[in-house]
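>>> Here is the input, now give the coordinates:
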Amino acid sequence: MIFDVHSHKVENQNGGVLIALEGNFPHKDIFTNESLCAFMKKESSLNFRPCYYIDKFYSPVPDSTIVKYHPRLEKYTPKEVISDIEQRKPKLCIIDTLNQPFWSPSDYWKIARKFPYIQFLFSHAGGYDILEFLKFCDFSKNIWLDFSLTQTYFGWSKEVQQLKVVTDIIDYCLSSDRISPKILFGSDNPFWNQQEVIEKYATLKNAKMFFETNYVNLMNNI
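Below you'll find the model as predicted:
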């Protein structure tokens, strides 16, 4: 079983979190809030969980169990995100972490600490700031990470020049007894090649942990 916790379409995964996006993107076959809601009404399997996108107008969504905040695109502030979380009361917040230099890593940390009863998945694990997000994950029970985009852009899962400070940290996380149980497989499909990263993770001796076990544990927590 392969559970992809960061995908905007269904392709090679057996289940996972499907994340809706709103706005203009080069890929037209990605889920919006509306199309994701329609898909979930037809989907007979419980393997997929919907994650609805919170736009800059804080519009209502069909289900607030899992929601996605995208500070880089929507330009909202940490204070605005906190206010929205207080009203929606989600069980899992997925927050895009590639918002440098407008948010600092500590902004994400403060949000997660304010809501210890909510699970937080910090998607992309911070990119250039990956070490900070590793620290948050290590010392916070409610923080999880995926390496979508970061694992490809910086050369961990693709034959491009590596930024070793990033790829070495990814390797450390995937082998660490403390941190690896809180790392989830994510691809950011279709913006990045899902099959390519599936093949890379499959080479790991503990691949099942990232493809399945950690996802199941997170879902049990929410």
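>>> CA only for contacts and neighbour counts going forward, please
Noted.
>>> how about the residue nearest the centre of the chain, what does it touch?
Among the residues of the chain, the one closest to the centroid is residue 123, at 3.3 Å (CA atoms, centre = their mean). Residue 123 is in contact with 6, 94, 95, 96, 97, 145, 146, 147, 148, counting by CA atoms under 8 Å, 6 or more residues apart in numbering.
>>> The second one - that's part of a strand, no?
Read it as residue 94. Yes - judged by DSSP: H, G, I helix; E, B strand; the rest coil, residue 94 forms part of a strand.
>>> Give me the pLDDT for the residue nearest to the centre of the chain.
On the pLDDT scale, residue 123 is placed at 98.
>>> Also residue 101?
For residue 101, the pLDDT comes out at 80.
>>> So it, which state does it fall into?
Applying three-state DSSP: residue 101 is coil.
>>> Just give me the neighbour total for it.
By other CA atoms under 10 Å, 8 other residues sit near residue 101.
>>> any idea how far it lies from residue 73?
13 Å (CA to CA, to the nearest Å).
>>> Pull stretch 171-188 out as PDB, backbone CA atoms only.
C-alpha atoms of stretch 171-188 as PDB (Å, rounded to 0.1, in the frame of the first residue of the first chain):
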ATOM      1  CA  ASP A 171      18.600  11.100   5.100                       C
ATOM      2  CA  TYR A 172      19.100  11.700   8.800                       C
ATOM      3  CA  CYS A 173      15.300  12.000   9.400                       C
ATOM      4  CA  LEU A 174      14.500   8.900   7.400                       C
ATOM      5  CA  SER A 175      17.000   6.800   9.500                       C
ATOM      6  CA  SER A 176      16.400   8.500  12.900                       C
ATOM      7  CA  ASP A 177      14.500   6.300  15.500                       C
ATOM      8  CA  ARG A 178      13.100   9.500  17.000                       C
ATOM      9  CA  ILE A 179      12.000  11.400  13.900                       C
ATOM     10  CA  SER A 180      11.300   8.700  11.200                       C
ATOM     11  CA  PRO A 181       7.900   7.700  12.800                       C
ATOM     12  CA  LYS A 182       6.700  11.300  12.100                       C
ATOM     13  CA  ILE A 183       7.800  11.500   8.500                       C
ATOM     14  CA  LEU A 184       5.100  11.000   5.800                       C
ATOM     15  CA  PHE A 185       5.500  10.200   2.200                       C
ATOM     16  CA  GLY A 186       4.300  13.100   0.000                       C
ATOM     17  CA  SER A 187       4.900  13.800  -3.600                       C
ATOM     18  CA  ASP A 188       3.200  17.100  -4.500                       C
END
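>>> May I see the buried residues of it?
Judged by neighbour count using 16 or more other CA atoms under 10 Å, the buried positions of stretch 171-188 are 173, 174, 179, 180, 181, 182, 183, 184, 185, 186, 187, 188.
>>> ok, and what's touching it?
Stretch 171-188 is contacted from outside by 3-8, 134, 137-138, 143-149, 193-194, 197, 209-211, 214-215, using CA under 8 Å, 6+ apart.
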